[in-house]
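Participant: Got a predicted model here, sequence first, then my questions.
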Amino acid sequence: MSIILDFDGSLFNTFLPSPNGIGVKEAYEVAVSQCFGSKALSIYREKGLQNRGPSEVVRWLNGGQLSVELTKELVQIKLDCMMSEIGKIGKDGRIWPPIFPGVAEFLNRLNEVQVPWAILSSGHREFILKTFAVWGLLEPKVFSDDEASRLPEYPVKPNPVLLEMACQELGIPFEPNELVYIGDDLVKDGGLAGNAGAHFGWFLPKGAKVPKVELPAKTFIFEDWRILADLLKRNNGEPFESAHLASLFRK
Ligand SMILES: [Mg+2]
């Protein structure tokens, strides 16, 4: 079994603003208004584009046209806003961006039991690596929007090509039956896993409601990473089958 993970809103709560009031949403808003003006900012807010990859945001705001140059500019402004926020400590003593409970334990277990894993994110390598370093976690394998932007069609989630390319580039076997993609967004992450024929682990933190929509075929839902970390612990180093994992959580 191999595991590919989403980053924003799944491992770290980057949507929660930093002590200086900057999260993914705010950084995106600064970048959108600088690149496209204030009218575009209203569209961006109306359409709820904050969980979209940069190229999709550009397509939306650029009359349906993808512009690699504008995407690069948008990304640079977003990163300029956010990079220096990583590691800032808030009044509550928490480091930004906060890690979801159980994530560190889960990742450490994966390393212990040698389950291959990596991150596939619409975010950015530099940001992800610095966040892992600040939290004292081992450097992960990452396939981000930076890598996707170099592919011919600049694929975005839920295009399954992205998952296949990420696996290929990161040396993770692309065997959908033995591959689990875990993320917080049913449409983007669930769609990605579903379109690729992989398992989908839907991270739905406590309190969030399960909408009455059809889920991808091989979906399991969990509300706390500690559940997955415990499962790895109970298996005591034995690799577990993804089908077993799915059956435990299927609703
Ligand atoms: Mg996410």
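Facilitator: Received the coordinates, thanks. Numbers count the residues shown, from 1 in each chain.
Participant: Quickly find the element holding Ile15.
Facilitator: One thing to correct before we go on: residue 15 is Phe, not Ile. Phe15 belongs to no helix or strand when assigned by DSSP states H and E.
Participant: let me fix that: Ile221
Facilitator: Per DSSP H and E: strand 219-222 holds Ile221.
Participant: any idea where the strands of the stretch 51-200 of the chain begin and end?
Facilitator: Here the stretch 51-200 of the chain has its strands, by DSSP state E, counting those that start in this stretch, at 117-120, 142-143, 179-183, 199-203.
Participant: Helices along the stretch 151-251 of the chain, start to end?
Facilitator: Secondary structure of the stretch 151-251 of the chain, counting by DSSP state H, counting those that start in this stretch: helices at 160-170, 191-196, 225-234, 242-249.
Participant: quick revisit: and the strand holding Ile221, average pLDDT?
Facilitator: Strand 219-222 carries an average pLDDT of 88.
Participant: in it, what's buried?
Facilitator: With burial defined by 16 or more other C-beta atoms under 10 Å, the residues of strand 219-222 counted as buried are Thr219, Phe220, Ile221, Phe222. In this view, the C-beta of every residue, glycine as well, is placed from N, C-alpha and C.
Participant: Reformat these as CSV; add distance to the ion.
Facilitator: Shown next, in CSV, are the buried residues of strand 219-222 (distance: C-beta to the ion, whole Å):
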residue, distance to the ion
Thr219, 16
Phe220, 17
Ile221, 15
Phe222, 15
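Participant: Let's see the pLDDT reported for the closest residue in space to Gln168 that isn't next to it in sequence.
Facilitator: Nearest residue to Gln168, sequence neighbours excluded (C-beta to C-beta, 6 or more residues apart in numbering): Phe174, at 6.6 Å. Note on Phe174: pLDDT of 95.
Participant: neighbours around Phe174, how many?
Facilitator: As a burial measure, Phe174 scores 17 neighbours (other C-beta atoms under 10 Å).
Participant: And Gly191, by the same measure?
Facilitator: 18.
Participant: How about the one 3 residues further on?
Facilitator: Using other C-beta under 10 Å, Gly194 is surrounded by 21 other residues.
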